[in-house]
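J.: Next comes the sequence, and after it the predicted model I'd like to discuss.
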Amino acid sequence: MSFDSFNPAPLKARMRLFVIGVLVFSLFCTLFGRLWYLQVMVGDDYANAADNNRTRDVLTPAPRGTIVDAAGRTLVGNRVSLVISVDRSVLAKLTDTQQASVLGRLAKVLGQKPADLTARTKLCGEPGASKPPACWNGSPYQPIPVAKDVSEQVAIEVMERREDFPGVAAETAALRAYPSPYGVNAAHILGYLSPITTEELDKIDAAGQDPVPHRSDLVGRAGVERTYDAMLRGAPGLKTVSVDAVGFTTGTVKQTAPVPGSTLVTSIDARVQASVEKELRGAIMTARKQYDKITKRNYVADSGAAVVMDTKTGHIVGMASYPSYDPGVWVGGISQRELDALYSPQSGTPLLSRALQGQLAPGSTFKPITTAAALGAGYSQKTRLDCSSFFEVGNRRFKNYESASYGMIGFDQALALSCDTFFYRIAYALWLKEGGNSGDIDALDPLVEMAKKFGLGKATGIDLPGEASGRIADRKWKKSYYDAQKDYYCKLADSPPAGTSSFLKQFSREFCADGYRYRAGDAVNFAIGQGDTTLTPIQLATVYSALSNGGILWEPRVAQKVIGPNGKAKAIPSTIAARLPVPAANLRYIDKALRETVRSGTAAWKFNGFPLDQIPVRAKTGTAEVYGKQTTSWLASYTDRYAVVMMISQAGTGSGASGTAVRHIYETLYNIKPAAPPAAKKTP
């Protein structure tokens, strides 16, 4: 055959078949390789993903731990409540019209508005959902509680008419309970719970933790409920349910039981706590009936606080704030109207704990600190100064408030009689020694330094949230305040609005000119606890506890120990914050002087008949003047075992408003029967 007759077509066909075969073979290799990868290499991962697609986790809340007092009396526990819940997965199987009909019938039975009930069945953030905390922030596969503490009649009606209420159940649930032994309230100590927020869940997720076990948690928001939340909360149980392709629950895969929270044993004595609450409220109600000769009206007595502290351990035995609130108002959700009332100034802002957050000028209760500082700054126990009726600084006279003119006296009488001018003279002399009106913010001030050594100007470290730090109004503080307020007061000085008082006009002009200077008036006011210096009742309780125990400043504690679900107890130790840099001889001298306050001094008229020889009470009264308001009443006191401090805003003098109440608290502490009132004389 010649070359010209050769036909290449069969060769090309074979080549095409070969290429196609290679491609098919490659595709099969790729397919088998992919199948091998999916089934062998990552098969477990996909199996888990498939399982997750057909299962959902539902939480079983753990019983929250109880809170008891030092004697084991339950302050906060749990109670069983009838709860109506709605299962969203069942409602999802119904049409929108059927869902609205079911919820409408349920709302009528529960006495709720259909729109409100519908909003409660939606997840937080969904269109139409209630605002937190009323909306549901838990798992969508968990029945949503829409009504708590329902009557048995309502529960029976719902359960007997299942055809009318698909997805609706009546079950028992554990809610927080407040047994109130001796009628105690203790709301500001105990705190309250509310549902965890979406923001908190996001923080848990951002921290690399699983937010799912926390979705339906109730979280401590105040008091020991917040501080010891992790111990009280326990660990929730977990029920894994199977769901179909639509998301409907088809069964239970596995379930683990919840672990109950621990029991928190506090140092609170319910008997003493009840007395503190009763006496504080009684003192406020009595003050409101008293006439204020200065303002020409009755005392407002708008708020107050009282603290009882064990001076040997730093534990809080009783603590109260007025006004208070019912901690049970948070159980089962709180309405917006109730929430607004807790924050309302018109109702006295009940949520505010005056014992920890009430920052007020301490008045003459500050004088033991001034005494300790002066005795370490050149003065001695033999010092005698004139207790005149007034002390003149420049063109201003600073007068005694509670004291008359007693002539030449020592520190002991000055404390017992609360002589202001005695301490004015000391403060003025030290002010001159420190540079006077120089404006040097770094000048060494022994009064300020001693106040800091007594723990003022910073939080005490009590194991309750929200504590305020108070303020030491020294040279540095005044300069920072001037820098922040200069523009405001200069504008006020240049163009005061109509009705501005002459005092405020003059103050604005002086402040604008050189308000950064620490003047003699600032120094003498500081020495007697007046002016811009503020502290809280809990701070003053630690100060007077230190005077009682020889100079130990405790970090106050409410919790004593935690008892776990296994019955094992773990103590919560007391902590010493500092020791006073005051010689023991000077502490004994101050102690002896304060004994006279209740024997012959400003509080003596309130302690007549009290067994002072058996139970020596030391005390200091305080009457703090506040611009534009009535005076703040303070009474700080202690024995060898307890410190008792009471403060009442706008209530008059320290002994006048608080003396009787503090005495009654001591009678409770030491089981003293009150003296019987004198028998009425028979008329002939």
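T.: Right, received. Where do you want to start? Numbering: from 1, shown residues only.

J.: Counting neighbours, what do you get for residue 448?
T.: 25 (other CB atoms under 10 Å). No exception for glycine: its C-beta is placed from N, CA and C like everyone else's.

J.: What sits closest to it if chain neighbours are left out?
T.: Spatial nearest neighbour of residue 448, chain neighbours left out: residue 474 (4.3 Å); criterion: CB to CB, 6 or more residues apart in numbering.

J.: Identify the residues contacting that neighbour.
T.: By CB atoms under 8 Å, 6 or more residues apart in numbering, the contact list for residue 474 reads 445, 448, 518, 526.

J.: go on, residue 648?
T.: Applying CB under 8 Å, 6+ apart, the residues near residue 648 are 280, 283, 284, 287, 301, 303, 304, 632, 633, 657, 658.

J.: For residue 547, see how far away the fifth one is.
T.: When you say that, I think you mean residue 301. 28 Å (CB to CB, to the nearest Å).

J.: what's the pLDDT at the nearest residue to residue 267 once chain neighbours are set aside?
T.: Nearest non-adjacent residue to residue 267, counting by CB to CB, 6+ apart: residue 315, 3.5 Å away. Residue 315 carries a pLDDT value of 98.

J.: try residue 143
T.: Per-residue confidence (pLDDT) for residue 143: 79.

J.: coming back round to it: please flag which of the contacts of residue 648 sit within strands.
T.: Per DSSP state E, strands hold the following members of the contacts of residue 648: 303, 304, 632, 633.

J.: correct me, but the last one touches residue 645?
T.: No - with contacts counted by CB atoms under 8 Å, residue 633 stays clear of residue 645, the gap being 11.5 Å.

J.: The longest helix along the chain: how far from the chain's middle?
T.: Secondary structure of the chain per DSSP state H: the longest helix is helix 9-36. Between the centre of helix 9-36 and the centre of its chain there are 76 Å (CA atoms, centre = their mean, to the nearest Å).

J.: thinking again about what came up before, quickly name whichever of the contacts of residue 648 is closest to residue 509.
T.: Residue 509 lies nearest to residue 632 out of the contacts of residue 648, by CB to CB, at 28.1 Å.

J.: Please name the residues that touch the closest one.
T.: 360, 361, 363, 622, 623, 624, 626, 647, 648, 649, 650, 651.

J.: could you redo the last one with a cut-off of 6 Å?
T.: 360, 624, 649 (CB atoms under 6 Å, 6 or more residues apart in numbering).

J.: Take those and keep only those in helices.
T.: Counting by DSSP H, those contribute nothing to helices.

J.: mind listing which of those are in strands?
T.: Going by DSSP E, the strands hold 624, 649 from the contacts of residue 632.

J.: Lowest pLDDT pick from the contacts of residue 632?
T.: Ranked by pLDDT, the contacts of residue 632 bottom out at residue 624 (93).

J.: so what pLDDT did the residue nearest to that residue when sequence neighbours are not counted get?
T.: Nearest residue to residue 624, sequence neighbours excluded (CB to CB, 6+ apart): residue 363, at 3.5 Å. Note on residue 363: pLDDT of 95.

J.: The one 4 residues further on now?
T.: In this prediction, residue 367 carries a pLDDT score of 97.

J.: buried set for the helix or strand hosting residue 667?
T.: Under the criterion of DSSP states H and E, residue 667 resides in helix 654-669. Across helix 654-669, burial judged by 16 or more other CB atoms under 10 Å covers 654-669.

J.: Widest-spaced pair of those?
T.: 656 and 669 (22.1 Å).

J.: Neighbours of residue 323, how many?
T.: 17.

J.: what does residue 599 give?
T.: Residues within reach of residue 599, counting by other CB under 10 Å, total 16.

J.: that's a strand at it, yeah?
T.: No - applying DSSP: H, G, I helix; E, B strand; the rest coil, one finds residue 599 to be coil, outside a strand.

J.: Once you drop chain neighbours, what's closest to it?
T.: Nearest one to residue 599, counting by CB to CB, 6+ apart, is residue 612 at 6.4 Å.

J.: And that neighbour, which helix or strand is it part of?
T.: Going by DSSP H and E, residue 612 is not in any helix or strand.

J.: And it, how close does it get to residue 497?
T.: 54 Å.

J.: same thing with residue 584?
T.: To residue 497, residue 584 is 56 Å away according to CB to CB.

J.: Repeat that for residue 557.
T.: For residue 557, the distance to residue 497 - CB to CB - is 49 Å.

J.: still on that earlier bit, mean confidence score for the longest helix of the chain?
T.: Mean predicted confidence for helix 9-36 is 72.

J.: Please point out which parts of that helix sit buried.
T.: For helix 9-36, it's none, nothing buried (16+ other CB under 10 Å).

J.: for stretch 426-444, same thing?
T.: Under the neighbour-count rule (16+ other CB under 10 Å), stretch 426-444 has 426, 427, 428, 429, 430, 431, 434, 436, 443 buried.

J.: Could you export these as CSV, including distance to residue 98, pLDDT and secondary structure?
T.: Converted to CSV, those look like this (distance: CB to CB, whole Å; pLDDT from 0 to 100; DSSP: H, G, I helix; E, B strand; the rest coil):
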residue, distance to residue 98, pLDDT, secondary structure
426, 83, 96, helix
427, 80, 95, helix
428, 84, 95, helix
429, 87, 95, helix
430, 82, 95, helix
431, 81, 93, helix
434, 82, 87, coil
436, 85, 82, coil
443, 80, 87, coil
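
J.: Residue 331: which of those residues is nearest?
T.: Distances from residue 331 to those, taken by CB to CB, are shortest for residue 427, at 51.9 Å.

J.: All good on my end, thank you.
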